[in-house]
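Student: got a predicted model here, sequence first, then my questions.
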Number of protein chains: 2
Amino acid sequence: HWMRGGTYGWKAARKGFVFIGWTNTTANMPTWGAVNSKLGNNPLVIAVPNQGEAIVLDMAMSQYSYGMLEFYQLKNQQLPVQGGFTTDGTLTTDPGSILKSQRILPVGYWKGAGLSLLLDILATILSGGLSVAGISKQPAEISASQVYIAIALSKLKNFGTISSAITQILADYHNSIPEKESKILYPGEKVMSVRKENTANGIPVLKSIWEEIQSL
Amino acid sequence: HWMRGGTYGWKAARKGFVFIGWTNTTANMPTWGAVNSKLGNNPLVIAVPNQGEAIVLDMAMSQYSYGMLEFYQLKNQQLPVQGGFTTDGTLTTDPGSILKSQRILPVGYWKGAGLSLLLDILATILSGGLSVAGISKQPAEISASQVYIAIALSKLKNFGTISSAITQILADYHNSIPEKESKILYPGEKVMSVRKENTANGIPVLKSIWEEIQSL
């Protein structure tokens, strides 16, 4: 398991590299039209340097992780958007029904399913490692195949104009008109602000968790 | 406009290369939570050689194209899954409502929106060309930025085992249990069989279209 994959993106992008990387996983998601899990949710990270920080997309190919479904179930809430199927094969926003059917939804239905398959094939053949099918025969999610691509922007002929090109794209993006009274953020923008706040003021921890840690 | 982007994938993969390519487009899709279009649907192609043919994923970042919405509207049908918003901001399967609001849905809601933004940034900075914002200032969808990556599998140390690795992945994938009585296909599998059939038997054309062509 590659844990917090976005970290690789942050590290590379802060040093001036574009980062494109992904991993395969154990089979945990059915392809579109199927009932059993033959695909991994195969997280993909794309990171780009920006003003000493980074724009970092860190997305799995499932709309929600099983952990997120459990989170919504514990809070007794419906998912914001459809996240999988009931055992009857109906699309649903109910986390409990999806945990029961084990049929989580690929992002974009058939599209994320296709992308997941291709990410598995590429990771497997480019690394010479195990495929989703191979990992799934292991006792746990181990020996995954991973791809790490770093592109040195400083070697490009147009290096001098890249920073301002990114600034212009983000400015245009930030000119999106929000439907509600909230600012439209780019991938990684919130992570960055939370990290800055926590670095300055400390990391908030639930009192009950902190007491549990201290009692260890 | 790069027309049928998948063609580049087929060409490269049939010569033994992995192909990863994408383009940006004019702004035609709102980001998640926004009402105006600041993102392109930025189609992505990933192709892998397979037995002299290829596995080819060709996906735009919008769940449906505007052309597909018009197609469903002409047939007076609802979309198979949610494809965008009504003018009131409600997710809908009604093609007419989405054509009216011009709010098509990114694949995987916030996830495809993020991927679309990153594909635009990468295409723009790697090619030194126009961004979605820049293309949108042109009189039409021209001067798009595009990325073409070809990886020569024959140069890899594990080249000798790649073909069988792909065969195994596809065999496992084909072992998916379909919910309905239909075979689960991998991306490009149907394109390939249709092309073989049409190459042998000719391309079916609607009689009315053929008569229109002959009358030109």
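Tutor: Done, it's in.

Student: how much space between A:Leu79 and A:Leu44?
Tutor: Applying CB to CB, to the nearest Å, the value for A:Leu79 to A:Leu44 is 21 Å. Heads up, the C-betas are built off the backbone N, CA and C, glycines and all.

Student: who has more neighbours out of those two?
Tutor: A:Leu44 (23 against 19; other CB atoms under 10 Å in any protein chain shown).

Student: in this structure the more buried one contacts A:Met61, no?
Tutor: Yes: the pair A:Leu44 / A:Met61 is scored as a contact, 7.3 Å apart, by CB atoms under 8 Å.

Student: pLDDT value on the residue most central in space within chain A, please?
Tutor: When chain A is reduced to its mean C-alpha position, the nearest residue by CA atoms, centre = their mean turns out to be A:Met59, at 2.2 Å. Per-residue pLDDT puts A:Met59 at 97.

Student: contacts only, for it.
Tutor: If you count contacts by CB atoms under 8 Å, 6 or more residues apart in numbering or on different chains, A:Met59 has them with A:43-45, A:107, B:108, B:111, B:114-115.

Student: and it, bridged to which residues?
Tutor: Beta-bridge partners recorded for A:Met59 (DSSP bridges): A:Leu44.

Student: for chain A, which segments count as helices?
Tutor: A:6-14, A:66-74, A:95-101, A:110-127, A:132-135, A:159-174, A:189-201, A:207-214 (DSSP state H).

Student: now A:Ala123: closest residue in space that isn't a chain neighbour?
Tutor: A:Ser145 (3.9 Å; CB to CB, 6 or more residues apart in numbering or on different chains).

Student: could you dump the contacts of A:Met59 to TSV with pLDDT and distance to B:Gln102?
Tutor: TSV is the format used below for those (pLDDT from 0 to 100; distance: CB to CB, whole Å):
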residue	pLDDT	distance to B:Gln102
A:Pro43	97	32
A:Leu44	98	28
A:Val45	98	31
A:Val107	98	22
B:Gly108	97	20
B:Lys111	98	21
B:Gly114	98	20
B:Leu115	98	20
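
Student: can I get the residues you listed in CSV with distance to B:Trp10?
Tutor: Compiled in CSV, the contacts of A:Met59 are given as follows (distance: CB to CB, whole Å):
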residue, distance to B:Trp10
A:Pro43, 28
A:Leu44, 23
A:Val45, 28
A:Val107, 25
B:Gly108, 26
B:Lys111, 27
B:Gly114, 28
B:Leu115, 23
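
Student: ok, so of these, who is nearest A:Arg195?
Tutor: A:Val45 (16.4 Å; CB to CB).

Student: got the contact list for the closest one?
Tutor: By CB under 8 Å, 6+ apart, the contact set of A:Val45 is A:5-6, A:8-9, A:19-22, A:56-59.

Student: for the helix or strand of chain A with the lowest mean pLDDT, the distance to its chain's centre please.
Tutor: Every helix and strand in chain A was compared by mean pLDDT, DSSP states H and E; the lowest is helix A:207-214, with a mean of 90. Offset of helix A:207-214 from its chain centre (CA atoms, centre = their mean, to the nearest Å): 28 Å.

Student: go on, stretch A:82-98?
Tutor: Using CA atoms, centre = their mean, the offset of stretch A:82-98 from its chain centre is 21 Å.

Student: gap between the two ends of it?
Tutor: Taking CA to CA, to the nearest Å, the first and last residues of stretch A:82-98 lie 10 Å apart.

Student: near chain B at all, that stretch?
Tutor: Yes: using CB under 8 Å from any CB of the partner chain, stretch A:82-98 reaches chain B at A:82, A:89, A:91.

Student: that stretch: which residues count as buried?
Tutor: Judged by neighbour count (16 or more other CB atoms under 10 Å in any protein chain shown), stretch A:82-98 contains these buried residues: A:82-85, A:91-92, A:94-95, A:97-98.
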